[in-house]
Every structure is written in structure tokens, then in C-alpha cells.
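Asks: coordinates only, sequence not included:
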């Protein structure tokens, strides 16, 4: 016999002979005997899966003896059967997962879950699978080309150094020494934080940024962007601390030149655009304080020098007035209505010879129509 059972029997006989036992001598108590060894071999060997043929073992990964193949396992359906015989080839595309195929969806589409060659899609196989999150697949495992080894397109700021990049710190911040994946240098147009004060991307040293440092106001040198530079920190002189020439409206009172400066263009507040304190006669009417302001001292026009309109009693005779003595007395030659006194106006004018004035036209009462006391009615 060439099968495992025969070999097991032979092995049992060999063991007995080594122990000095023969089939003709009754076995000692507790001894299995030839029959017992045969039974054990016939039961255990098939269960263990170790089919032995001329000293070869199926499943040990070594093709030898009567084996057609030996893939190191005792599984079926992977091209080599559990008894180390080549299995019949299966056809890819028949829609049946068999014969070692990891998948078979029965079509030739490469962008679904199973390739046309019955392999499962994976990054690096050269086929872009959007459903797997791939936006590129160059079929290699090189990580510093245009497509990373996780099948994501490379870009500046992804933290991976590509062959077209000098640096990549994984962010889009241009002020940390790596700007647009290039090492920061003065003149690149990006301000390197804590190193550069400015970077205007040019070689002009007279535009306010020199060697990537600001040209400071107050150094006593007038740079192109400065109107003045007096080298001090006095903000009330002719040159402001921002190196601009002092001017009315800049919000800073220039000593000896301006009385006020509120930094606005409102002529009707306490500080007009002349930077002189608002006053009557400046030509600007502050309605809360002035009725008018014509900016002159002419007392015969429509606005007096005290910024009030003409009125009876102001001491100036205007159109419609006979007189204006500037007082409120009705016993002088000008009544407080700015009219000429007359007999019958109700005011006794001693200066013009009136003895009385009862303000009526009745002649036969105590005061005649000529403002003389008649004694009538006494």
C-alpha cells in the first residue's frame, strides 16, 4: 500500500520490533499492539491533514513527491487544493468569486469596487477611484511627486515636501519663514514675522521700506514718504510726530499759530476751520449764541457788530426809525419806539414845553389838545 494507512501500520510494526515485541507474542497488559497502532493511524492521520506520500507532506509549502502544488495551506478554491492538486482555472468576469479571486462583479469596469482583472481597487494601482477618496493615482509609491502615496494631489501647504518645493510647513501663513513653499527672503513681498518690519518686494530704498525695515519718522532725516522730520517728539510744533507738516484740521493745536483744532470741517462749532476760537464777527453763525454774523463791523447793515439784528433801542437809526437814542426812556426827545415825541402820545415831554399829555384828543378835559393844563374837569 502507498497510502497513509499502510505507512502507519509499518510504523507501528517498527515500533514494536524496537521494543522487542512481535505479532506472535501476546501483548503485555497496557500495550496497544499492532492492531491498536493501526486504528490510531487510520483515525488520526486523516484528521490532522498531513497526507504523507513517500515522505512528503501536503501543506508545508514545498512541492515534492506526488504533489502537483503546495501553497502552504490546506484550503480549497485558491488554485491549489487541500490535497495539493492544481484546481481547475476559473474565469474572471463570470460574476462568481472562486478559485482565489478576491472579487468578481461580472463586468469590465475599473472604477467600481472590482477591477476587470478581478482584483480589489487600491491606491497605487494606477486607476483613480473617487469613491475611495482618490483624486490622483500615478501607480507608484513615491511620496514627493505630484501625487502622494495616499493618492491625494500634492499642493503647497500640505506639509509634504515636493520636488518643486523648497519648503512646506503645512500652512498658508506667509510670515513664518516659508512663503508659498519658498524660504522667506527680504524682497519677496511677504513680511517675515518678528524678523522683517516690512517687505514691499522691490529694491527702492526711498519708499518707506529699506532692507525690510521701516524708515522711522523722528530720525531727523526726511524720507520720501515724510513731509518733515524734526527729530523730536513734540507734537505741537510745525512738524507732527507722524512727520506730517502741522496744518489746521489735523486735530493738534500748533502752539503760537492756532487757538484751537478739533480735527473737523464744521464751521458752526466752537472751533471753525480757521482754527481760531469762534467769536462774533468771524462770519460763521453759531445759532445757539448768535442771531447773525456777517463778518464785519458795519453797524448800518442787516447785522450789528454784536451779531444781533437791527432793533429799536440799539442806538442806530435804521430804515423806519425816526430816531434811536439807545435807551428805553420815553421822557426824552426819542421815545422807546424810536419815534418822535408829540403831544397826545401819552408821555409828558418837558423839554418841548408840555405841561401835560393825557394821550387823547379831548380838548375840554384837564389836559388840552395842546398839552396845556386847562383846569377843566377839576
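Replies: Here it is on my side, so go on. Note that the structure is predicted; figures quoted are calculated from it, not measured.
Asks: residues contacting stretch 265-275, please?
Replies: 248-249, 253-254, 257-262, 277-278, 282, 284-287 (C-beta atoms under 8 Å, 6 or more residues apart in numbering). All C-beta spots, glycine's among them, are computed from the backbone N, C-alpha and C.
Asks: pull out the buried positions in it.
Replies: 271, 272, 274, 275 (16 or more other C-beta atoms under 10 Å).
Asks: that stretch: end-to-end distance?
Replies: Its start and end residues considered, stretch 265-275 measures 10 Å (C-alpha to C-alpha, to the nearest Å).
Asks: how far does it sit from its chain's centre?
Replies: Relative to its chain's centre, stretch 265-275 lies at 41 Å (C-alpha atoms, centre = their mean, to the nearest Å).
Asks: spell out the residue ranges of the strands in the stretch 201-350 of the chain.
Replies: In the stretch 201-350 of the chain, the strands defined using DSSP state E, counting those that start in this stretch lie at 209-210, 213-214.
Asks: give me the mean pLDDT for the last one.
Replies: Right, strand 213-214. Confidence over strand 213-214 (mean pLDDT, whole number) is 84.
Asks: the first one now?
Replies: Strand 209-210 shows an average pLDDT of 83 in the prediction.
Asks: partners of that strand, with directions?
Replies: Strand pairing for strand 209-210, using DSSP bridges, gives strand 213-214 (antiparallel).
Asks: for the strands of the stretch 201-350 of the chain, give me JSON lines that also has distance to residue 121 and mean neighbour count.
Replies: Supplementary listing: those in JSON lines, determined by distance: least, C-beta to C-beta, whole Å; neighbours: other C-beta atoms under 10 Å:
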{"stretch": "strand 209-210", "distance to residue 121": "54", "mean neighbour count": "19"}
{"stretch": "strand 213-214", "distance to residue 121": "56", "mean neighbour count": "12"}
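Asks: so which of those gets nearest residue 223?
Replies: For residue 223, the closest of the strands of the stretch 201-350 of the chain is strand 209-210, at 8.5 Å, according to C-beta to C-beta.
Asks: in the stretch 51-200 of the chain, which spans are strands?
Replies: Counting by DSSP E, counting those that start in this stretch, the segments of the stretch 51-200 of the chain that form strands are 52-53, 56-57, 178-179, 182-183.
Asks: re earlier: turn the strands of the stretch 201-350 of the chain into JSON lines, including distance to residue 83.
Replies: Output for those, formatted as JSON lines (distance: least, C-beta to C-beta, whole Å):
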{"stretch": "strand 209-210", "distance to residue 83": "84"}
{"stretch": "strand 213-214", "distance to residue 83": "84"}
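Asks: on that earlier part again, hey, which of the strands of the stretch 51-200 of the chain is tucked in deepest?
Replies: Of all those, strand 178-179 carries the top mean neighbour count, a mean of 22, counting by mean count of other C-beta atoms under 10 Å.
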